[in-house]
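Chemist: my questions are about this predicted structure, shown below with the sequence.
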Amino acid sequence: MFSYQKTIGNKVSCFGIGLHTGVRVDVSLNPAGVDTGIVFKRNDVKGKNPAIEASYKNVSNTMLGTTLRNEDGVSVATIEHLMAALWGCGIDNCVVEINGPEVPIMDGSSEPFVFLIECAGKKELNKARKVIEVLKEIKVSESDDANSGYISIAPADGFSVGLEIDFGDKVISKQNCVFDSRDVSFKSDLCRARTFGFEHEVNYLREQGLARGGSLDNAIVVGKEGVLNKDGLRYSDEFVRHKILDCIGDVYLAGAYIKGHLHGFKSGHALNNQLLHEFFADEDAWRVVQLSDSDSASMLDHKVQ
Ligand SMILES: [Zn+2]
């Protein structure tokens with residue numbers, strides 16, 4: 001028995017504000033047929049192709065989150081937390097309709113999207129799920145400097161991500177965490193981790209007209225002595241967990257589930273995208289497989305189901 005592709009059971013909608021635009025956006029998740037993948041559709045765009053495939057090939061900007069753009073120049077920003085939620089819920093096919101240029105930030109984590117997908121329910125489709133199996137290690141680095149950021153992908157039995165961060169400050173400092181989908185739960189251990197920024201950066205971004213929607217309601221703000229959010233952190237190592245969440249959302253732009261292990265140090269959206277480009281460019285590094293139901297359950301569908 002192969003593991004089958006899934007979509008959501010019903011159309012579901014939510015709204016929120018864009019982190020960078022500060023403008024209200026409405027999003028609806030729609031059931032989609034086999035081999036659709038995840039597709040964003042800008043229903044506010046007229047006279048151009050509104051559909052943007054969620055593919056690493058369409059990544060146009062990685063400065064403050066991941067932005068996708070199609071060949072008509074139509075774009076959608078900050079897709080990574082929604083992508084991570086779709087991954088975590090085992091959704092292969094979904095059309096995400098959106099009436100603005102940025103996915104709403106919600107509370108800064110993937111949890112509201114996981115809730116939305118759970119409300120929609122899941123539907124199994126009549127075609128085997130495609131999985132990309134990693135056959136050879138590929139690594140990309142920011143530079144040759146020993147302390148610079150890197151990320152690698154290597155063969156493994158299941159799917160796991162191990163990241164290490166080092167901000168050189170007092171509050172976050174160094175953190176490392178391994179998420180292995182066979183041992184821990186995406187829903188309880190990862191999806192609630194929020195995005196974060198430093199107080200001085202927030203002021204700078206505001207001056208540049210960015211992060212207009214950012215507030216303590218949708219991000220952890222890190223001051224010199226501690227976090228400014230009154231309720232503190234959701235996990236003691238919430239920062240590195242959020243980086244893993246981002247990595248999973250970015251890597252789901254592979255267009256399918258991956259069987260392999262990712263390992264990164266001070267990595268982010270840019271390296272995540274560079275890794276996928278180099279990985280797929282090397283035809284000896286991967287192959288497409290179908291997994292049996294039991295293999296799939298242990299690595300893909302996680303404990304959300
Ligand atoms: Zn993020």
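Modeler: Arrived safely, thanks for sending. Numbers count the residues shown, from 1 in each chain.
Chemist: who touches residue 112 in this structure?
Modeler: Going by Cβ atoms under 8 Å, 6 or more residues apart in numbering, residue 112 touches 14, 16, 106. Every residue, glycine included, has its C-beta placed from N, CA and C.
Chemist: may I have the phi/psi pair for it?
Modeler: phi -60, psi -30 (degrees, to the nearest 10).
Chemist: and the pLDDT for it?
Modeler: The per-residue pLDDT reported for residue 112 equals 98.
Chemist: now swap in residue 292 and tell me
Modeler: 75.
Chemist: how about the contacts of residue 112 in JSON lines, adding neighbour count and secondary structure?
Modeler: Shown next, in JSON lines, are these (neighbours: other Cβ atoms under 10 Å; DSSP: H, G, I helix; E, B strand; the rest coil):
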{"residue": "14", "neighbour count": "16", "secondary structure": "strand"}
{"residue": "16", "neighbour count": "18", "secondary structure": "strand"}
{"residue": "106", "neighbour count": "24", "secondary structure": "coil"}
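Chemist: wait, a strand at residue 250?
Modeler: No - under DSSP: H, G, I helix; E, B strand; the rest coil, residue 250 falls outside any strand and is assigned helix.
Chemist: burial measure for residue 11, as a count.
Modeler: Neighbourhood size, residue 11 [other Cβ atoms under 10 Å]: 12.
Chemist: if I look at the residue nearest the centre of the chain, how far off is residue 173?
Modeler: When Cα atoms, centre = their mean is applied to the chain, the residue found nearest the centroid is residue 249 (1.5 Å). According to Cβ to Cβ, to the nearest Å, residue 249 and residue 173 sit 24 Å apart.
Chemist: that older thread, and which of the contacts of residue 112 is nearest to the ion?
Modeler: residue 106 (11.2 Å; Cβ to the ion).
Chemist: okay, the closest one: pLDDT?
Modeler: On the pLDDT scale, residue 106 gets 97.
Chemist: got a list of what it touches?
Modeler: 14, 16, 81, 112-113, 218.
Chemist: do a quick rundown of the helices in the stretch 151-300 of the chain.
Modeler: 186-189, 199-207, 238-251, 269-281, 293-299 (DSSP state H, counting those that start in this stretch).
Chemist: which stretch among these comes nearest residue 54?
Modeler: Residue 54 sits nearest to helix 238-251 of all the helices of the stretch 151-300 of the chain, at 9.7 Å, using Cβ to Cβ.
Chemist: which elements pack onto the closest one?
Modeler: Contact analysis of helix 238-251 by 3 or more Cβ pairs under 8 Å, 6 or more residues apart in numbering; DSSP states H and E lists helix 80-88, strand 159-166, strand 174-180, strand 196-198, strand 257-265, helix 269-281 as its packing neighbours.
Chemist: what about residue 124, which SS state?
Modeler: Residue 124 ends up strand, using three-state DSSP.
Chemist: and for it, the neighbour number?
Modeler: For residue 124, using other Cβ under 10 Å, the count is 13.
Chemist: who are the contact partners of it?
Modeler: Taking Cβ under 8 Å, 6+ apart, we find residue 124 in contact with 4-6.
Chemist: do the same with residue 137
Modeler: 152-155.
Chemist: and the ion, is stretch 92-108 touching that?
Modeler: No - counting by Cβ under 5 Å from the ion, no contacts exist between stretch 92-108 and the ion, the nearest distance being 7.5 Å.
Chemist: any idea how far apart the tips of that stretch sit?
Modeler: 23 Å (Cα to Cα, to the nearest Å).
Chemist: so residue 179 is in contact with residue 160, correct?
Modeler: Yes - if you go by Cβ atoms under 8 Å, residue 179 and residue 160 touch, sitting 6.3 Å apart.
Chemist: which one (most neighbours) among the contacts of residue 137?
Modeler: Ranking these using other Cβ under 10 Å puts residue 153 first, with 27 neighbours.
Chemist: which strand residues bridge it?
Modeler: residue 138, residue 262 (DSSP bridges).
Chemist: repeat that for residue 286.
Modeler: The partner residues for residue 286, given DSSP bridges, come to residue 134.
Chemist: for residue 151, see how far away residue 144 is.
Modeler: For residue 144, the distance to residue 151 - Cβ to Cβ - is 15 Å.
Chemist: the two: who's more crowded?
Modeler: Applying other Cβ under 10 Å to residue 144 and residue 151 shows that residue 151 carries more neighbours, namely 26 against 6.
Chemist: check contacts around the residue nearest to the centre of the chain.
Modeler: 66, 79-85, 87, 110.
Chemist: so what pLDDT did residue 208 get?
Modeler: 84.
Chemist: ok, it - how many residues close by?
Modeler: Around residue 208 there are 9 residues (other Cβ under 10 Å).
Chemist: where does the prediction get shaky in the stretch 151-300 of the chain?
Modeler: 297-300 (pLDDT under 70).
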